[in-house]
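K.L.:
compute the structure for the input listed below.
(one chain, ligands or ions: 1)
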Amino acid sequence: MDGRLSPALQTSSPARRNSSSSQALTVYSQAPRKKPNKILRSVKAAVKKFTNIIIFRSKGAKPKSTTPDTSSIHRRDVSYSASAPSTETNITSTSTLRHSESYGSSTSLNAQLGTFNFSIKDIHEATGKFSSKYEIGKGGFGIVYKGRFRDGSLVAIKRAKQSIYNPSLSKEFKNEVLTLSRIEHQNLVRLFGYLEHGDERILVLEYVGNGTLKDHLDGRMGNVLEMAERLDIAIDVAHAVTYLHTYTELTIIHRDIKPSNILITEKLKAKVSDFGLARLASEDPGATHISTQAKGTAGYMDPEYLRTYQLTEKSDVYSFGVLLVELVSGRHPIEQNRPAKERSTVKWAMQKLKEREAVLVMDPSVRRNPASTYAAEAMLKLARQCVAPTRQLRPSMKRCVEVLWEIRKNHRDRVASSTPRRASANFADKKQPARPQHDEDGDRHKYISV
Ligand SMILES: Nc1ncnc2c1ncn2[C@@H]1O[C@H](COP(=O)(O)OP(=O)(O)OP(=O)(O)O)[C@@H](O)[C@H]1O
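P.N.:
Residues are numbered from 1 along each chain as shown. I've put the predicted structure just below:
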């Protein structure tokens, strides 16, 4: 077995709040291939489905009918286009959109994209021929543009960079298409279409226009997420991942759950994106794991997966636990510029939880009151289970959802019961500006009330 570290495939973001290291390394290690036949079968099945269901390489091809996904929260109405101009291979797999207005993204589409067969010309028009003016992001996959089609539809257009022809990246690309196009959930970024044209590989996605969770936590969106909003976001993410684990035709393990892969709508709803690293779990219902390459982002990766290369849903649960700690603390998983005992945020937070000082883990910009400190502690307790060293000790994502619902209910009850006291100007419910208080060790981790 050999192992190696590759440079990050991640977006390079502006300087982070605490100038800590993002550690956005993507780790690749060749896994021992214990069940080659199973993997081969599953890859073959995926490729077959990919070809039959998603992509039509030749004009006039008709899709095989697909079994309706009865477990989907929303049933998909898939329409296919085979009307590409003869000079290009135009491949679309578009869906009639039924956006919930309350989710506040790509709203002007009005189900039109389902009948709008886009070509490379439309993509050029929508993006000013990939003008930097329309650029909204960059990642290992390529550049992301904000585009508007002629009918007014607002979309995110992901243009694969040329190195995508590297076979492994190409596989990643197809994997993303396959995975995304098969799922529909209000907390998952929707894939509307895919287009190949000469050297171009383009994905058209639901546009989610209010930054990533990372942007919000790092204070780049000019707002502070309060504890109730953080809790709601945690629940949205847990819903999305539960859906991937439980309700899709095959179990889908996201493998890269982290704040930069969570897009936020205007109404602060979360949508999980970036399935480039996802792999469909083994089709063998008896299989307990799949052996595969270790991929993900340092700081979020399940240590058991790194050790054994055995991927299960519980690897996502681990990453979700790290995300919960981030939501509570506002810190990145690795904070290089902090004192040694605080550099690993999860370790530090768990230690504080053990010492019954969970309140010290709370992001200093979040309001402190009985409800928010309760929620912070309860979320950390759930995180402790999620980051347990072995997968057997971790809860399922579905269980995480249930626990989070309970936390939200209790949080709301506490907010409601403290309302009269707030009316009488309870000073304890004021927002805490970040006021580091130096303790005797010179640590800057305590914050005082004002
Ligand atoms: N659907 C979308 N709507 C709005 N903005 C988006 C969308 N998708 C991506 N972005 C923006 O583009 C940035 C880069 O996107 P993304 O991370 O998905 O690219 P990638 O190449 O897949 O990245 P990675 O290196 O993590 O695989 C995001 O951080 C976000 O700001």
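
K.L.:
quick one: low-confidence parts of the chain?
P.N.:
By pLDDT under 70, the weakly predicted segments of the chain are 1-117, 163-176, 178-180, 275-295, 420-450.

K.L.:
longest helix of it?
P.N.:
Ranked by residue count, the top helix of the chain under DSSP state H comes out as helix 397-423.

K.L.:
packing partners of it?
P.N.:
Helix 397-423 sits against helix 227-242, helix 313-329, helix 370-386, with contacts defined as 3 or more Cβ pairs under 8 Å, 6 or more residues apart in numbering; DSSP states H and E. Backbone N, C-alpha and C define where each C-beta goes, glycine included.

K.L.:
list the buried residues for it?
P.N.:
397-401, 403-404, 407-408, 411, 414-415, 418 (16 or more other Cβ atoms under 10 Å).

K.L.:
again with stretch 126-138
P.N.:
By 16+ other Cβ under 10 Å, the buried positions in stretch 126-138 come out as Ala126, Thr127, Phe130, Tyr134, Gly137.

K.L.:
the second one contacts Tyr145, correct?
P.N.:
Yes. Between Thr127 and Tyr145 a contact is recorded at 4.4 Å, counting by Cβ atoms under 8 Å.

K.L.:
which neighbours do those two have in common?
P.N.:
Common neighbours of Thr127 and Tyr145, using Cβ atoms under 8 Å, 6 or more residues apart in numbering, are Tyr134, Ile157, Arg159.

K.L.:
the first one and Arg148, how far apart?
P.N.:
Distance of Tyr134 to Arg148, given as Cβ to Cβ, to the nearest Å: 9 Å.

K.L.:
identify the contacts common to these two.
P.N.:
Common contacts of Tyr134 and Arg148 (Cβ under 8 Å, 6+ apart): Ala126.

K.L.:
ok so Val208 is a helix residue?
P.N.:
No. Read with DSSP: H, G, I helix; E, B strand; the rest coil, Val208 is coil and lies in no helix.

K.L.:
now it: how far from the ligand?
P.N.:
4 Å (Cβ to the nearest ligand atom, to the nearest Å).

K.L.:
for that residue, which non-adjacent residue is spatially closest?
P.N.:
Leu263 (3.8 Å; Cβ to Cβ, 6 or more residues apart in numbering).

K.L.:
now for that neighbour: which residues touch it?
P.N.:
Counting by Cβ under 8 Å, 6+ apart, Leu263 touches Val189, Val208, Asn210, Gly211, Thr212, Leu213, Ala270, Lys271, Val272, Ser273.

K.L.:
now with 10 Å, please.
P.N.:
When contacts are counted by Cβ atoms under 10 Å, 6 or more residues apart in numbering, Leu263 touches 105, 137, 156, 188-189, 205-213, 215, 269-274.

K.L.:
which strand or helix spans it?
P.N.:
Per DSSP states H and E, Leu263 falls inside strand 262-264.

K.L.:
immediately after that strand, which helix or strand?
P.N.:
In N-to-C order, the element after strand 262-264 by DSSP H and E is strand 270-272.

K.L.:
is any residue of that next one near the ligand?
P.N.:
No. Between strand 270-272 and the ligand, judged by Cβ under 6 Å from any ligand atom, nothing touches; the nearest distance is 7.9 Å.

K.L.:
which bits of the stretch 151-300 of the chain sit near the ligand?
P.N.:
Counting by Cβ under 6 Å from any ligand atom, the stretch 151-300 of the chain comes close to the ligand at 156, 189, 205-209, 212, 260, 263, 273-274, 276.

K.L.:
which of those residues are buried?
P.N.:
Buried members of those, scored by 16+ other Cβ under 10 Å, are 156, 189, 205-209, 212, 260, 263, 273-274, 276.

K.L.:
pick the one among the residues you listed closest to the ligand.
P.N.:
Ala156 (3.3 Å; Cβ to the nearest ligand atom).

K.L.:
pretty sure that closest one contacts Ile136?
P.N.:
Yes. At 7.0 Å, Ala156 counts as touching Ile136 under the criterion of Cβ atoms under 10 Å.

K.L.:
show me the common contact partners of those two, please.
P.N.:
Val144, Tyr145, Lys146, Gly147, Tyr207, Gly209.

K.L.:
sorry, back to before: could you give the bridge partners of the residue nearest to Val208?
P.N.:
Note on Leu263: beta-bridge partners Thr212, Lys271, judged by DSSP bridges.

K.L.:
start the count at 26 instead of 1 going forward.
P.N.:
Done: numbering now begins at 26, and the last item shifts to Leu288.

K.L.:
and the gap between it and Gly162?
P.N.:
Distance of Leu288 to Gly162, given as Cβ to Cβ: 10 Å.

K.L.:
got the contact list for the residue nearest to Pro328 when sequence neighbours are not counted?
P.N.:
Closest residue to Pro328 apart from its sequence neighbours, by Cβ to Cβ, 6+ apart: Pro414 at 6.5 Å. Neighbouring residues of Pro414 by Cβ under 10 Å, 6+ apart: Asp327, Pro328, Glu329, Arg332, Tyr343.

K.L.:
would you mind measuring from Pro414 to Ser443?
P.N.:
Using Cβ to Cβ, one gets 37 Å for the distance from Pro414 to Ser443.

K.L.:
next one: Val249
P.N.:
19 Å.

K.L.:
before we move on, what about Leu216?
P.N.:
43 Å.

K.L.:
what's the answer for Asp261, then?
P.N.:
Remark: distance between Asp261 and Ser443 (Cβ to Cβ) = 25 Å.
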